[in-house]
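Colleague: Predicted model, plus sequence, below.
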Amino acid sequence: MRTIGLLGGMSWESTADYYREINQGIKKALGGLHSAKLVLYSVDFETIEKLQHAGDWKGAEAVLVKAAKRIEAAGADFLLICTNTMHKLADPIEQAICIPLLHIADATAEALLEHGIKSVGLLGTAFTMEQDFYKGRLEQKYGLEVLVPDAPDRKIVHDVIYQELCLGKVVPESRGQYLRIIDALAARGAQAVILGCTEIGLLVKQADSSVMLFDTTLIHAGAAVERAI
């Protein structure tokens with residue numbers, strides 16, 4: 001079994017899901033008392049959040065590169081960045097280490113294509129929805145059409161992530177807003193919707209919506225299990 005490297009803490013709420021899902025996946029695949037071999041480095045999200053909203057991506061890069069190098073030094077065979085947004089820095093992180101990076105957008109795109117999805121909605125932080133590092137990868141590398149909510153709804157999605165979900169708060173009214181936004185994306189032609197922030201799965205489950213949902217935390221964790229075994 002390969003050793004999985006997890007760069008987490010962004011937020012710890014979703015990193016806990018990664019740990020659980022990966023270990024459950026290994027147990028299901030191998031049986032018995034098997035659990036995952038992994039190295040976890042969890043950063044202080046307060047620091048990262050301030051750098052994100054100040055637009056100081058170089059500062060954030062320095063923090064995450066240092067953490068990735070520590071994960072590699074601890075014996076990980078490959079790396080997961082346990083957040084969609086910080087894949088904005090995937091290239092410099094990957095260039096700083098010698099172990100491969102399992103990219104969350106690649107794992108998600110492969111899952112979408114397996115289901116025959118060509119047009120997909122994307123929910124996430126404003127950085128993920130509005131910048132090109134994530135949706136551009138889906139479009140250019142995999143030929144997907146990516147739809148995002150309009151500006152007012154993007155603000156709702158972003159604010160709920162930072163003001164509620166990253167603090168462990170699950171608010172029913174916010175779930176209603178998210179489901180409305182998901183339905184609006186489907187009405188515009190999205191065949192499915194990516195839950196493109198690792199915290200969104202805390203709020204919205206497939207049972208809540210008739211629209212097919214792709215939870216990136218579950219997909220990324222599942223891909224890690226496959227790579228590990």
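Modeller: Thanks, I have the structure now.
Colleague: Strands of the protein, start to end?
Modeller: 4-8, 38-42, 78-81, 119-123, 145-147, 192-195, 212-215 (DSSP state E).
Colleague: average pLDDT for the second one?
Modeller: For strand 38-42, the per-residue pLDDT values average out at 98.
Colleague: ditto for stretch 127-136
Modeller: Stretch 127-136 comes out at a mean pLDDT of 96.
Colleague: Endpoints of it, how far apart?
Modeller: 12 Å (CA to CA, to the nearest Å).
Colleague: Report the backbone C-alpha coordinates of the longest helix seen in the chain in PDB.
Modeller: For the chain, the helix with the greatest residue count under DSSP state H is helix 12-30. Once non-C-alpha atoms are left out, helix 12-30 reads as follows in PDB (Å, rounded to 0.1, in the frame of the first residue of the first chain):
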ATOM      1  CA  TRP A  12     -10.200  21.000   9.200                       C
ATOM      2  CA  GLU A  13     -13.900  20.300   9.000                       C
ATOM      3  CA  SER A  14     -13.500  18.900   5.500                       C
ATOM      4  CA  THR A  15     -10.100  17.400   6.200                       C
ATOM      5  CA  ALA A  16     -11.700  15.200   8.800                       C
ATOM      6  CA  ASP A  17     -14.000  13.900   6.100                       C
ATOM      7  CA  TYR A  18     -11.000  13.100   3.900                       C
ATOM      8  CA  TYR A  19      -9.500  11.100   6.700                       C
ATOM      9  CA  ARG A  20     -12.700   9.200   7.400                       C
ATOM     10  CA  GLU A  21     -13.600   8.600   3.700                       C
ATOM     11  CA  ILE A  22     -10.000   7.400   2.800                       C
ATOM     12  CA  ASN A  23      -9.900   5.000   5.800                       C
ATOM     13  CA  GLN A  24     -13.400   3.600   5.000                       C
ATOM     14  CA  GLY A  25     -12.400   3.200   1.400                       C
ATOM     15  CA  ILE A  26      -9.300   1.200   2.300                       C
ATOM     16  CA  LYS A  27     -11.200  -1.000   4.800                       C
ATOM     17  CA  LYS A  28     -13.900  -1.700   2.100                       C
ATOM     18  CA  ALA A  29     -11.300  -2.500  -0.500                       C
ATOM     19  CA  LEU A  30      -8.900  -4.700   1.700                       C
END
